[in-house]
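Asker: below are the sequence and a predicted model; questions follow.
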Amino acid sequence: MGYKALEIRPMLYTKQMEETIRFYVETLQFELCEMVSEWGWAKLEKDKVVIMLSTPNEHLHFSKPSFTGSLYLYVSDALQIWQSVRDKVEICYPIEDFHYGMREFGIFDNNGYLLQFGSPLPTVPDGRNQRLE
C-alpha cells in the first residue's frame, strides 16, 4: 500500500463527558482544545498526544466502557508523573523498572480505561540503566 500513516488519535467513548474531561485536564494536565457539546465530542492534547472523547451514538450498544487493550503513553519522565498522580487515581500496577529498559506504571481513568506511562530508564555514566531503589 502506498500511503503514509501520520499519527493515531484514539477516540474514547464515555457517558461522563464532563468528569472525563476533568480527569484528563486536572489529573494528567491535558488541555481541552475543542469541544462540541451538540455532537458529544471533545479533543484533549498534551504535547504531541491527542485523545478524543465521544458520547456513544444511539446505534452503538454501549453500556459501559470496554477496551481489550490499553493506551501506552511514551513520556519523558514516568517517575515524575507517577509521583504526581499516584494518590489521585486507581492504580493498575505501580511504577516499576522492567528488564527491557523501561520505567512504567499503569492507572485507570475515571471510565476504567487502562493508561500506561513509560519512559526509558535513565543511564549512568558507564552506560548501564539506572534502576529505581
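Answerer: Ah, there it is.

Asker: what about the residue nearest to I107 when sequence neighbours are not counted, distance to W39?
Answerer: Of all residues not flanking I107 in the chain, V89 sits nearest, at 4.4 Å (C-beta to C-beta, 6 or more residues apart in numbering). (C-beta placed from N, C-alpha, C; glycine too.) Distance of V89 to W39, computed by C-beta to C-beta, to the nearest Å: 28 Å.

Asker: who has more neighbours, these two?
Answerer: Ranked by neighbour count (other C-beta atoms under 10 Å), V89 and W39 place V89 first, with 19 against 10.

Asker: just checking, the more buried one touches G106?
Answerer: No: if you go by C-beta atoms under 8 Å, V89 and G106 don't touch, sitting 10.0 Å apart.

Asker: who's in contact with the residue nearest to the spatial centre of the chain?
Answerer: Residue closest to the average C-alpha location in the chain (C-alpha atoms, centre = their mean): L115, at 4.3 Å. By C-beta atoms under 8 Å, 6 or more residues apart in numbering, L115 lies in contact with L28, S70, L71, L73, G106, I107, F108, D109.

Asker: OK, contacts around the third one?
Answerer: Put plainly, it is L71. L71 makes contact with P10, I51, Y113, L114, L115, Q116, according to C-beta under 8 Å, 6+ apart.

Asker: 10 Å instead, please
Answerer: Counting by C-beta atoms under 10 Å, 6 or more residues apart in numbering, L71 makes contact with I8, P10, L12, V49, I51, D109, Y113, L114, L115, Q116, F117.

Asker: which SS class is the last one?
Answerer: Spelled out, it's F117. At F117 the chain is in strand, as set by DSSP: H, G, I helix; E, B strand; the rest coil.

Asker: same check, this time on the fifth one
Answerer: Using three-state DSSP, the structure places I51 in strand.

Asker: that one and Y113: what is the separation?
Answerer: Distance from I51 to Y113, by C-beta to C-beta: 10 Å.
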